[in-house]
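1. Predicted model and sequence below, questions to follow.
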Amino acid sequence: MHVVVTGANGFVGRALCRTLVDNGHRVTGIVRRAGTAPAGVTESVHTSPDFTDIDAHWPGKSGAVDCVVHLAARVHVMNEVETDETQRAFDQTNLEGTLRVARAAQRNGVRRFIYVSSIKAIAGSASTREPLREDALAQPDDAYGRSKLAAERALAELRRETGLDVVIVRPPLVYGPDVGANFRKMLDAVWRGTPLPLGAVDARRSLLFVDNLADALMHCASDARAANSCFHLADDGAPSVAELLREIGKHLGRPARLVPVPVSLLKLAGRLTGRAAQIERLTESLVLDSSAIRRQLSGWQPPYTLDEGLRATADWYRAWRMEQGRA
């Protein structure tokens, strides 16, 4: 099977390319900088973040393409001030850019297009203690989530118009070796022994180990039963924020220093400091129902447990700090 991966040099892209190559698939990675595709991957370089040049750089010259996995996106930035211009910027990449790639795939005879969306496409900041299913009412509450939902709906229309097989995958927070952004900040805080006022937070959050996501995407690319489906993905178990920090501390060998501050005070502090959205994400539950993919693909299971994923992430983090010469 020949799979094209956009964003092949990103955090998820590298894991997906490695999984595909290790399982004998041919992979072409679409990247924006030459020399950045993972080992074993044929490289196709484009220059536009919105894929306006996708036709000129279509990778079909290296052989017929069976499936495109679209990972490239403008990502959510914590505390980003939202304006009309912000929404336009997200839409240009996550909506219009996605459609350019999908239409190019359809024109070039690709049988399946996998769109890696986000649970933010349907879930806002409100607590979702009941596991969130694929057919839940969509309530995105930021520019990133709205752009992802708009792309999902546009792809559904393209599927009706052209017959292109579209599979949508909605992951929650993805973690693993080489993770960045807020998950790495959490690792930093535990490593340094920073007191964290999260000991009383019992909100539960679904997580997804990057190699579990990569394995699921590979199966979605190759399994006929995934056709025209939407799947939620998550590791087994949804730890509370406090439990997650304790587990990270256990694997780092540096116990998390948790202070039991009442959630009401945390939310007040968030409003006073302009970090209300960040506090909401820490104190509200977001649990996914990921049974559909397991049922539809006849028992597919994440190959790694949450504990194994956290251990691998902690092992990488310790090695990374050693390489950087950081205490």
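-> Now that the structure is in, tell me what you want to look at. Bear in mind that the values here come from a model prediction, so they are computed numbers and not experimental data. Residues are numbered from 1 along each chain as shown.
2. The stretch 151-300 of the chain: strands as residue ranges?
-> 165-170, 173-175, 207-209, 230-232, 286-288 (DSSP state E, counting those that start in this stretch).
3. What residues sit buried inside the fourth one?
-> Same thing as strand 230-232. For strand 230-232, a neighbour-count test (16 or more other CB atoms under 10 Å) marks Cys230, Phe231, His232 as buried. From N, CA and C alone the C-beta is placed, and that goes for glycine too.
4. which SSE is Gln301 in?
-> If you go by DSSP states H and E, Gln301 is not part of any helix or strand.
5. which residue sits closest to it, ignoring its sequence neighbours?
-> In this structure, Gln301 finds its nearest non-sequential neighbour in Arg294, 6.3 Å apart by CB to CB, 6 or more residues apart in numbering.
6. pLDDT score assigned to that neighbour?
-> Looking at Arg294, its pLDDT is 95.
7. distance of it from Pro303?
-> The gap separating Arg294 from Pro303 is 12 Å, by CB to CB, to the nearest Å.
8. Over to Ala73?
-> 25 Å.
9. Neighbour count: the two, which is higher?
-> Higher neighbour count among Ala73 and Pro303: Ala73, with 24 against 13, using other CB atoms under 10 Å.
10. hang on, the more buried one packs against Phe11?
-> No: Ala73 lies out of contact with Phe11 (CB atoms under 8 Å); the separation is 11.6 Å.
11. any idea which element Ile114 lies in?
-> Element membership for Ile114 (DSSP H and E) is strand 112-116.
12. Figure out how far that strand is from the centre of its chain.
-> Strand 112-116 sits 13 Å away from the centroid of its parent chain (CA atoms, centre = their mean, to the nearest Å).
13. tell me which strands and helices it is in contact with?
-> On a contact count with 3 or more CB pairs under 8 Å, 6 or more residues apart in numbering; DSSP states H and E, strand 112-116 meets strand 67-70, helix 98-107, helix 143-162, strand 165-170, helix 210-222.
14. Buried residues, the last one. List them.
-> Residues Val210, Asp211, Asn212, Leu213, Ala214, Asp215, Ala216, Leu217, Met218, Cys220, Ala221, Ser222 are the ones in helix 210-222 that count as buried (16+ other CB under 10 Å).
15. any chance of those in JSON lines, with pLDDT and distance to Pro172 too?
-> Formatted as JSON lines, these follow (pLDDT from 0 to 100; distance: CB to CB, whole Å):
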{"residue": "Val210", "pLDDT": "98", "distance to Pro172": "12"}
{"residue": "Asp211", "pLDDT": "98", "distance to Pro172": "15"}
{"residue": "Asn212", "pLDDT": "98", "distance to Pro172": "11"}
{"residue": "Leu213", "pLDDT": "98", "distance to Pro172": "10"}
{"residue": "Ala214", "pLDDT": "98", "distance to Pro172": "15"}
{"residue": "Asp215", "pLDDT": "98", "distance to Pro172": "16"}
{"residue": "Ala216", "pLDDT": "98", "distance to Pro172": "13"}
{"residue": "Leu217", "pLDDT": "98", "distance to Pro172": "15"}
{"residue": "Met218", "pLDDT": "98", "distance to Pro172": "19"}
{"residue": "Cys220", "pLDDT": "98", "distance to Pro172": "17"}
{"residue": "Ala221", "pLDDT": "97", "distance to Pro172": "21"}
{"residue": "Ser222", "pLDDT": "95", "distance to Pro172": "24"}
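16. which among those residues gets closest to Val3?
-> In terms of CB to CB, no member of those lies closer to Val3 than Ala221, at 5.6 Å.
17. what is the residue lying closest to that closest one once chain neighbours are set aside paired to in the beta sheet?
-> Nearest residue to Ala221 in three dimensions, chain neighbours excluded: Cys67, at 4.3 Å (CB to CB, 6+ apart). For Cys67, the beta-bridge partners are Val3, Arg112 (DSSP bridges).
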